[in-house]
Structures are given as C-alpha cells and as structure tokens.
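Engineer: need the 3D shape of this:
(4 chains)
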2 protein chains.
Amino acid sequence: MNAVKPRYQQLKDLIIHRISTGELQPSDRVPSEYELVEAMSVSRMTANRALRELNDEGYVKRIAGRGTFVSDFRSQSHLLEVQNIADEIAGRGHSHSCTVIRQSRQHARGEVARALHVEQGTDVFHLQLVHHENAMPIQVEDRHVLASFAPDCLEQDFEAVTPSAYLTAVAPLQEAEQIVRAAMPNGAIRAQLKIDEGEPVLVVIRRTWSKGRPVTFARLQHPGSRYEMTGHYTPPGRPRSTSADVVQLEQLKQ
Amino acid sequence: MNAVKPRYQQLKDLIIHRISTGELQPSDRVPSEYELVEAMSVSRMTANRALRELNDEGYVKRIAGRGTFVSDFRSQSHLLEVQNIADEIAGRGHSHSCTVIRQSRQHARGEVARALHVEQGTDVFHLQLVHHENAMPIQVEDRHVLASFAPDCLEQDFEAVTPSAYLTAVAPLQEAEQIVRAAMPNGAIRAQLKIDEGEPVLVVIRRTWSKGRPVTFARLQHPGSRYEMTGHYTPPGRPRSTSADVVQLEQLKQ
DNA sequence: CTCAGTAGGTTGTATATACAGGTTAGTACA
DNA sequence: TGTACTAACCTGTATATACAACCTACTGAG
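Structural biologist: Okay, here's the model as predicted:
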C-alpha cells in the first residue's frame, strides 16, 4: 500500500500536481530535462521518461529544440470529448449564443445528491440554459454544480462563457461518465427547443469528476432532428478524437 | 515522407503486424526483451521501450518474471466499445437471442457504396437482424459488409454468432466511426422493436475499418424507452472503458 | 541594415550497464 | 516423499553517455 513509487512517476506526479493547482498554466514552460536533472537529482533518461509519458498522456506538449509546455485546454481536453457546446458550434463556423433561464443556489436532494455523492441538503448551484446555433436552439442544459467546487458560480455570466468552459477553468475535469438516450421531451423543453410535437430529443446525462470526486451533473437535451453526436475511435496509441456535429446526413434508405 | 522510423517504433510495428495477421494469437507469448536484443540487434532498453509502449497501448500484457503476452480480445477491444450487443446483454446476466430477417448478397449503391468507399455495384452482403434481450426486442441491426472482406458471410448462422463477433474473428476491426441520434422509427422498425406509436428510437450509425479501409456499415436502432448507451471517459494513460447498459435510471425531476 | 552562420539549449533516440524483484522449474537435502 | 533452496529467465527501474535534429538568439560580414 505504501510502496515507494518509481522516480519517473514521482516526477510525473509533481508536474501533474503543479498543473492541477494552477501553478503551471496552459502553455507555460515546464522545466526542461536538464533542469529536472539538476533540481531532482535524477538522470536525464529518467526525466525524459517522465516528460515523454506526460506528453503521450496529453498533459504537456513537447517541441524538439524549444522545450516542454503545458497543453492548452483544446489539446488536453480530448478526454472531455464534447464538453463545450460553444466550441463545437464554433468549430462549424456558426455563431453560438446562450440564454440563462435559471442560475440559483439550492440544496441538493434526491437524484442530484446521489449523483454528486453528497449528503441531502448540500449546497449546489442549479443552472438552466438554452444554447443557440445561429439563433436556432440546439441544446437545453440543466446542470447542478457542487457549490464547494465553484463558489463564485452565481457571479458568472454564462451568456458569455459556457459552464463547461468556466468549470474547466476552475479546475481540470479529469473523468466523465455519460448516458445517451432518445426520449420524448416535455412541453417546456419542446418550447425551449422550438420543436414540433412528436419530435424526439437526444438526451445526454453527464457526470464529471475533478480531483477524484464528482463535481457536476448535467442533463443536456438536443432536438433529434437537428443534432447528432459523432464519435471516432482509433486504436490505442494513435491519436484519438471525438466530436459532435450537425451534419446533414445523407439519408439511409428505409 | 520517407523518414526512417526509430528502431523502437520498428519493433512495435513488427509486433503489431504479427498480431494483426494472426501470427500471434491472444495470450500467445511475445518475444522477450532479450530475444529481441538477439534477433533484432538492438539494446535491451530499446526492446524494453517497444514492449512497454505496446503494453501501455493495450496490445500486450506484461508480467514481471513471466513474460509478455498478446492481450486477449476482451482487453484489446476497448477501442471497439460496444460493438457486440450479445456481449453487452450477457454482461447484464440476461439471455440474448437473434432473428435473421435478411441475409443476402447485393450490389452496393448510393449511400452504402459511399460509406464503404467502393464503386457502385460492388458486391456487399446485406444483413438485417433483430436482437432480443430476454425475448424483448432491443436492437434492429441493418448492416452492409464488404463481400471481399468476409466472403463466407452468407454461410454464417447469425442467430448463433452475432455479425460483430463474426467480423472481429475474420480480421481485427481497427477503427470505428459512429453517429448517434434520436429519431422516430418507421412502421416496420416500430413493429420489429414492439414499441408504441410516438416512442422514439436511439439510432447508431457505425462504420468500421480494418486494415485501413471501411469494411462494414451498420445502422442500429434501439427502443428509446428500453435502451441507453453509457460511456466512461478517463484521462489518457489511465485505463479506459466504455459500455452500454439498460439501467433503470432514476428519473430526473423535470 | 540585412542576411548567413553559429553557439547553445532542448528534445529524440540508442546503447551499455547495473541492480531489484517476480516467476518457474529443477535440484539437493532432509 | 516432500520441502527448501537455487539457478535461470523475465520485467522494472535507474544511470551515464553519446549523437542527431531542431530551434532561437546572437554575432559578424557584407
């Protein structure tokens, strides 16, 4: 249980810690191999292994001849998949806008408390937003955030910065779990998404961890006729990417 | 363009090639570091790096003191996600059964030809199946398979072995692309899935690659009320897994 | 001022060596 | 027979060293 970790792992942990505490910001320069040799009294090969693995794992980006730099949100977030609807829409060259329906403090109960692994009555923030792509509603976001995780959540202007972007700025989101289903929306959702009666929604329920505990729980609903998730899976070791897109899919016969 | 690859990468490519051709079967022993030193005239550190990275990438499993072994299908297939509905159902401890609606040879046209990157008129097999979980229909599978990829496709008994299992046995499926959407089913699908009018389906359109080219294209439809996809995302470097499940989700309020 | 060349720092790879620790099979001893 | 030990092999880690390739900034020549 208390096994001593290998040196290269200690180096990795040290640097990951500096990144997760914000001491090292995205695009900041990470100590070079020789600096680690000096500072940590290891051989360069050990420092090299630590930095190389951090590079493989997406934490940092190494450039031969220049140095090692903390990955920016874009490249380190391949694990977060399609966390940020605004980026997704921007990637399509469309304009994103957002309307805040609700932004309040609540006491977690029932489902929310269980999802966030907290006692009933724990402080949480409750957000409800409608995201638009080119003025067309594309997502209703219903999110609960652990108050202790993001204390200044009520002061944020979520029409300017999406909750996803805000939350990843507060602390790195390290793990996510999601459920995808098809469902029929209720009347409120149907009105918010401006969809016809009888049209289904794609529902994504996502729970995200930071520092080992769940910190936010969101239910995202998209109009079935205007939204689809796309994913791309490559073998381990090769670059992996996943994105969502509103492609005008050529209709399959039948 | 023709840059010479580093030695350790050559070793990795060699071993991956042996695995993908079937020369090395799951749980087979991979040459040890010293054997690679002898056979390939590299230093042990280089052989070590190749095998260690293959281990990190899930291709092999290394056991100190014993050796290096090819990962079995289960652990190397984390990239294939939920390819096989039968395994998914078995994982829930339920019984899986399957009805073949159609199993025929066709000429690819339109959408199918484009998806498989072949000329119009190329030979493909067309499969239509209904999968049941505990006698309840859970998926309608409409799949096209490149005939040249799996020539004996018409002789298979897909009520015994699912197309996914069969295809992965023919050759390793190495890459996948999928689109997930919510839609309303047509009458035939609604009948096959035994769902009520007004109930949506979760549609998964998946295209799978082997040896660099798309070999199969499937449209999977699930009843929205009885099926959901679940995914779990962990940071790169940590074990990654994704599965689907029919959880009786505690209903979110609203 | 402009541009070519260069020095120095940085990563990328490769090797030889060493020791620690796990696993297995066989051997020697009781 | 049975058990303890050992030899052989394997992976895991760590170090020192070397050379190549890349990038930046500076310097000196024109």
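Engineer: okay, CA-based contacts and neighbour counts for the rest of this
Structural biologist: Fine.
Engineer: and the stretch 51-200 of chain A, which residues reach DNA strand C?
Structural biologist: Residues of the stretch 51-200 of chain A lying near DNA strand C by Cα under 7 Å from any atom of the strand: A:52, A:62-68.
Engineer: by neighbours, which of those residues wins?
Structural biologist: residue A:68 (22 neighbours; other Cα atoms under 10 Å in any protein chain shown).
Engineer: wait, that residue sits on residue A:59?
Structural biologist: No. Using Cα atoms under 8 Å, residue A:68 is not in contact with residue A:59; the gap is 10.2 Å.
Engineer: residue A:100 versus residue A:65, what's the distance?
Structural biologist: As judged by Cα to Cα, to the nearest Å, residue A:65 and residue A:100 stand 47 Å apart.
Engineer: make that residue A:106, sorry
Structural biologist: 16 Å.
Engineer: do the same with residue A:117
Structural biologist: The value you get for residue A:117 to residue A:100, if Cα to Cα is used, is 26 Å.
Engineer: list the residues that contact the closest residue to residue A:221 other than its chain neighbours.
Structural biologist: Spatial nearest neighbour of residue A:221, chain neighbours left out: residue A:203 (4.6 Å); criterion: Cα to Cα, 6 or more residues apart in numbering or on different chains. Residue A:203 makes contacts with A:179-183, A:219-222, as judged by Cα atoms under 8 Å, 6 or more residues apart in numbering or on different chains.
Engineer: residue A:203 pairs with what?
Structural biologist: Taking DSSP bridges as the rule, residue A:203 bridges to residue A:181, residue A:221.
Engineer: and it, what's its pLDDT?
Structural biologist: On pLDDT, residue A:203 comes in at 95.
Engineer: where's it relative to DNA strand D, distance?
Structural biologist: Relative to DNA strand D, residue A:203 is positioned 41 Å away (Cα to the nearest atom of the strand, to the nearest Å).
Engineer: tell me which stretches of chain A form strands.
Structural biologist: Ranges of strands in chain A, per DSSP state E, are A:29-30, A:60-63, A:67-70, A:96-107, A:123-133, A:136-146, A:175-183, A:201-210, A:213-223, A:228-233, A:242-245.
Engineer: run through who's touching stretch A:62-70.
Structural biologist: So stretch A:62-70 is contacted by A:19, A:24-32, A:51-52, A:55, A:59-61 (Cα under 8 Å, 6+ apart).
Engineer: try it again with 10 Å
Structural biologist: Stretch A:62-70 has contacts (Cα atoms under 10 Å, 6 or more residues apart in numbering or on different chains) with A:15-16, A:19, A:24-33, A:51-52, A:54-56, A:58-61, A:71, A:76.
Engineer: please check these and keep the buried ones.
Structural biologist: A:15-16, A:19, A:24-26, A:29-33, A:51-52, A:54-55, A:58-61, A:71, A:76 (16 or more other Cα atoms under 10 Å in any protein chain shown).
Engineer: tell me, how many residues neighbour the nearest residue to residue A:209 once chain neighbours are set aside?
Structural biologist: Nearest non-adjacent residue to residue A:209, counting by Cα to Cα, 6+ apart: residue A:175, 4.9 Å away. Counted with other Cα under 10 Å, residues neighbouring residue A:175 total 20.
Engineer: quick check: residue A:175 vs residue B:132, distance?
Structural biologist: 32 Å.
Engineer: tell me the contacts of residue A:39?
Structural biologist: A:31, A:33.
Engineer: could you measure from it over to DNA strand D?
Structural biologist: 12 Å.
Engineer: model confidence score at that residue, please.
Structural biologist: So residue A:39 comes in at 93 (pLDDT).
Engineer: check the strands of chain A for me: which has the lowest mean pLDDT.
Structural biologist: strand A:242-245 (a mean of 30).
Engineer: circling back: wait, the residue nearest to residue A:209 touches residue A:168, no?
Structural biologist: No. Assessed by Cα atoms under 10 Å, residue A:175 is found out of contact with residue A:168, at 11.7 Å.
Engineer: what domains does the record give for chain A?
Structural biologist: A:7-71, A:78-245 (automatic domain parsing).
Engineer: make TSV from the ones you listed and add distance to residue B:90 to it.
Structural biologist: Formatted as TSV, the domains of chain A follow (distance: least, Cα to Cα, whole Å):
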stretch	distance to residue B:90
domain A:7-71	33
domain A:78-245	20
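Engineer: just name the most buried of those domains.
Structural biologist: Comparing those by mean neighbour count (mean count of other Cα atoms under 10 Å in any protein chain shown), domain A:78-245 ranks first with a mean of 19.
Engineer: how far off centre is it?
Structural biologist: Distance, stretch centre to chain centre, for domain A:78-245: 9 Å (Cα atoms, centre = their mean, to the nearest Å).
Engineer: repeat that for stretch A:4-20.
Structural biologist: With Cα atoms, centre = their mean, you get 23 Å for stretch A:4-20.
Engineer: now residue A:195: phi and psi?
Structural biologist: Note on residue A:195: its backbone torsions stand at phi -120, psi 160 [degrees, to the nearest 10].
Engineer: separation between it and DNA strand C?
Structural biologist: The gap separating residue A:195 from DNA strand C is 50 Å, by Cα to the nearest atom of the strand.
Engineer: what sits against that residue?
Structural biologist: Neighbours of residue A:195 in contact, by Cα under 10 Å, 6+ apart: A:137, A:185, A:187, A:189, A:201, A:222-226.
Engineer: would you point out the most distant pair within those?
Structural biologist: By the measure Cα to Cα, A:187 and A:226 form the most distant pair in these, at 18.0 Å.
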